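Colleague: Fold the following and give me the result.
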Amino acid sequence: MRLLLIEDYPPLARSVAQGLREAGFGVDVASDGVAGLSSAHAQPYDAIVLDLMLPKLDGFSVLEDLRRAQNTAAVLILTARHDVSDRVRGLDLGADDYLVKPFAFEELLARVRAIVRRRYGRSQTVITVADLEIDASARIVRRGSRVVELSAREYALLEYLAERRGHTVTRSEIWDHVYDFASEPSSNVIDVYIGYLRKKIDQDFEVKLIRTRRGLGYVLGETN
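Modeller: Residues are numbered from 1 along each chain as shown. The predicted structure is shown next:
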């Protein structure tokens, strides 16, 4: 899943972005409210982690503008402002969650995963496709009785395909939702990682779950 982090304190932005990338998310970073709002309007992010005390445009204004424009990205407010009135205002403006600094990164990660699950209409942490099981909380993947070891990039791609299981996902949709602007620009990077997944998920199994729809994209699921 692809996230936008809008945070003006560079050390915190770097550490949070790095942690989220290591957890399998694609992450773009904006350091002020105007840049963050511009990125959010230009890119279909799955979730936005939003500070409130931002230069140029505060987080409340960013959030209000996003919801006015019917932007459906899940929003987690991450801020040092701890007053109940701030929490109420943020949630009333359309935020999905509110976390006060200082915070434990593990809690931030759990909350981000939760709001992304809700965005895709999923309450459980485990996604099942035939005999493929993806535990999105523990980031453990099993095919049958076998645990499948995946890199962070491979896992992110598989999780996105699983969220859209049974539906054709185009290359542009994969790029928009899995990879960030820091990703390698190679035109065949998606095909390469699909190949890696096929070797790990399908190669040793009679039923193949990752299918190509020529000229359209990829589908994760059993053959109809």
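Colleague: Can you show me the strands along the protein?
Modeller: In the chain, strands defined by DSSP state E lie at 2-6, 26-30, 47-50, 74-79, 97-100, 126-129, 132-135, 140-143, 146-148, 210-213, 217-220, listed in chain order.
Colleague: and among these, the most buried is which?
Modeller: Between the strands of the chain, strand 47-50 has the highest mean count of neighbours, a mean of 28, where neighbours are mean count of other C-beta atoms under 10 Å. C-beta here means a position set from N, CA and C on the backbone, and glycine is covered the same way.
Colleague: Output that one as CSV, restricted to C-alpha atoms.
Modeller: Coordinates of the C-alpha atoms in strand 47-50 are reproduced here as CSV (Å, rounded to 0.1, in the frame of the first residue of the first chain):
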residue,chain,number,x,y,z
ALA,A,47,-3.5,6.4,3.6
ILE,A,48,-2.1,9.7,4.8
VAL,A,49,-0.2,10.3,8.0
LEU,A,50,-0.8,14.0,8.8
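Colleague: Sheet partners, orientation included, of that strand?
Modeller: With DSSP bridges as the criterion, the sheet partners recorded for strand 47-50 are strand 2-6 (parallel), strand 74-79 (parallel).
Colleague: Now render the strands of the chain as TSV, adding mean pLDDT and distance to residue 41.
Modeller: As requested, the strands of the chain are exported to TSV (pLDDT from 0 to 100; distance: least, C-beta to C-beta, whole Å):
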stretch	mean pLDDT	distance to residue 41
strand 2-6	94	11
strand 26-30	92	12
strand 47-50	96	11
strand 74-79	95	14
strand 97-100	95	21
strand 126-129	89	30
strand 132-135	92	31
strand 140-143	92	34
strand 146-148	93	37
strand 210-213	91	30
strand 217-220	92	25
